[in-house]
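K.L.:
Fold the following for me, if possible:
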Amino acid sequence: MERDIDLKEISDGRLYTANDMVKIDCNDCAGCSECCRVVEDTILLDPYDIYQLTCGTGMDFNGLMEGSIELQVMEGIIVPNLKIRPNNEGCVFLSEEGRCTIHGYRPGFCRMFPMGRIYEEGSFKYFLQVHECDYPNKTKIKLKKWLGIGELSSYESYINKWHDLTKIVKSILKSTENDDIIKNLNMYLLNLFYVTPYEVIPGENHFGRFERQFEERLANAQQIVRMYG
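P.N.:
Below you'll find the model as predicted:
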């Protein structure tokens, strides 16, 4: 999601890499689940997030759509997000005890919080959103450990590729008023990257297995997108 932001207003003014130490460690959020209760529909899911949820829950995309995720239009593109309980009572995966029931395979946005990403020159760096987490007495932790993502460099490369593709698609959709183009391109991408099942082994989550499948789909998508561009 692209946002017009002033880093001076929302961050500590620094940009971080995964090897940097950041003061965000919060003792496994002991006694706190506030960020899971005020998320509304803001936890957007990329294809790897869906892959993780499929591995962890054993449900395919359609199964997740029955109660765990929903679709919204963000900057012209149809994307899934985590579903929120009625009356904004928090994420559907939040237990009565205030713990995340999908913590081991939670989405990238959740892993990153309270960090954000800023994209520049074909890559991105992380920044600390200083007003987003009120947990007291936080300590420093290496960001790589905080993210808890295996094969992190490959994952970050994937994030860049996904961002680049969606940025091009957003530009195409913004420049046309042809409803057929908007609908067809959106449905193509939704089905290609989300609805069509990835090969998974229930209970296992290996980024390399996902990456190979994503790269094949990305190559196909780039060809189609060029036709529209």
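K.L.:
ends of stretch 195-213, how far apart?
P.N.:
Between the opening and closing residues of stretch 195-213 lies a distance of 14 Å (Cα to Cα, to the nearest Å).
K.L.:
What's the local residue count around Glu151?
P.N.:
14 (other Cβ atoms under 10 Å). C-beta here means a position set from N, CA and C on the backbone, and glycine is covered the same way.
K.L.:
Restrict the lowest-mean-pLDDT helix or strand in the chain to CA atoms and write it as CSV.
P.N.:
Between all helices and strands in the chain, the lowest mean by mean pLDDT, DSSP states H and E belongs to helix 7-10, at a mean of 84. C-alpha atoms of helix 7-10 as CSV (Å, rounded to 0.1, in the frame of the first residue of the first chain):
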residue,chain,number,x,y,z
LEU,A,7,8.6,10.2,8.4
LYS,A,8,9.4,13.1,10.7
GLU,A,9,5.9,12.9,12.2
ILE,A,10,5.5,9.2,12.6
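K.L.:
Which stretches in this structure count as strands?
P.N.:
In the chain, strands defined by DSSP state E lie at 21-25, 69-74, 77-82, 115-120, 123-128, 139-142, listed in chain order.
K.L.:
any idea how far the least confident helix or strand of the chain is from the chain center?
P.N.:
On the basis of Cα atoms, centre = their mean, to the nearest Å, the separation between the geometric centre of helix 7-10 and that of its chain is 22 Å.
K.L.:
ok, back up a step: let me know which of the strands of the chain is the nearest to Arg37.
P.N.:
Evaluated with Cβ to Cβ, the strands of the chain place strand 77-82 nearest to Arg37, the distance being 12.5 Å.
K.L.:
Verify the stated contact: Trp162 with Pro47.
P.N.:
Yes. Judged on Cβ atoms under 8 Å, Trp162 makes contact with Pro47 at a distance of 6.9 Å.
K.L.:
Between the two, point out the one with more neighbours.
P.N.:
More neighbours sit around Pro47 than around the other of Trp162 and Pro47, counting by other Cβ under 10 Å; the figures are 20 against 16.
K.L.:
what residues are up against the nearest residue to that one once chain neighbours are set aside?
P.N.:
The spatial neighbour of Pro47 that comes closest, neighbours along the chain excluded (Cβ to Cβ, 6 or more residues apart in numbering), is Phe193 at 4.4 Å. Under the criterion of Cβ atoms under 8 Å, 6 or more residues apart in numbering, the contact partners of Phe193 comprise 47, 214, 217, 221.
K.L.:
Just confirm the first one contacts Ile159, I think it does.
P.N.:
Meaning Pro47. No. Counting by Cβ under 8 Å, Pro47 does not reach Ile159; the two are 10.6 Å apart.
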